[in-house]
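J.: 3D model of this:
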Amino acid sequence: MKIAVTYENGEIFQHFGHTEQFKLYSVTDGKITNTQIVDTLGSGHGALAGLLSALGVDTLICGGIGGGAQSALANAGIKLYGGASGDADAAVEALLAGELAYDPNAKCDHHDHHGEGHSCGDHGCGSHSCH
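T.: Numbering: from 1, shown residues only. Presented below is the predicted three-dimensional model:
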C-alpha cells in the first residue's frame, strides 16, 4: 500500500489542486516502512491524479477537493479520504488503525462562490468553503 497526503509544514494541506508537495508513506503489513516528500512541480488539478498514479499511490488523504479531481482519482483507482485535517503523520497512523476522521462528501466548492473564476492563492485557501 502506498498512501499520499497533501502536505505543507507537517500538516494536511487543505486544497488538493494547489498542493505543492505530497508526503508518501509506503506501508507493509499495516506498518509504515518508508516516507518521502515529493514536489508536484507545479502540476495542477488534472495532472495530480496522474502524478500520484505514476508514483504507485493507491490511497490519498487530503482536505478539500473538487469533483473533477475526485473523478480523476477514482478513474486512477486511488481511494480518497477527503475532508481530513491536522498532522499528516498522525492522519496516516489513524487511517492504518481504522480511526481516521474524514468526510466522504468533502468538496472544495469555492470555485464558484464569487460567480467568477479566482485563484485560491489570492486569499489563502482553507479560510472558507474548503472542508
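J.: now for the helix or strand of the chain with the lowest mean pLDDT, which elements pack on it?
T.: When the helices and strands of the chain are compared on mean pLDDT, DSSP states H and E, helix 45-54 comes out lowest with a mean of 88. Applying 3 or more CB pairs under 8 Å, 6 or more residues apart in numbering; DSSP states H and E, one finds that helix 45-54 contacts helix 67-75. C-betas here are computed from N, CA, C, even on glycine.
J.: the helix it packs on: which residues count as buried?
T.: In terms of neighbour count (16 or more other CB atoms under 10 Å), helix 67-75 has its buried residues at 69, 70, 72, 73.
J.: how far off centre is that helix?
T.: Centroid displacement of helix 67-75 relative to its chain, using CA atoms, centre = their mean, to the nearest Å, is 12 Å.
J.: next: stretch 83-100.
T.: Relative to its parent chain, stretch 83-100 has a centroid offset of 12 Å by CA atoms, centre = their mean.
J.: so for that stretch, what gets flagged as buried?
T.: Going by neighbour count (16+ other CB under 10 Å), the buried part of stretch 83-100 is 83, 84, 85, 88, 91, 92, 94, 95, 96.
J.: which residues of this structure score low on pLDDT?
T.: Low-confidence segments of the chain, defined by pLDDT under 70: 44-46, 107-131.
J.: doesn't residue 6 belong to a strand?
T.: Yes. Secondary structure assignment places residue 6 in a strand (DSSP: H, G, I helix; E, B strand; the rest coil).
J.: list the contacts of it.
T.: Residues near residue 6 by CB atoms under 8 Å, 6 or more residues apart in numbering: 12, 13, 14, 15, 16, 19, 21, 22, 60, 61, 62, 63.
J.: which one of the residues you listed is nearest to residue 32?
T.: For the contacts of residue 6, the minimum distance to residue 32 (CB to CB) is 13.1 Å, reached by residue 61.
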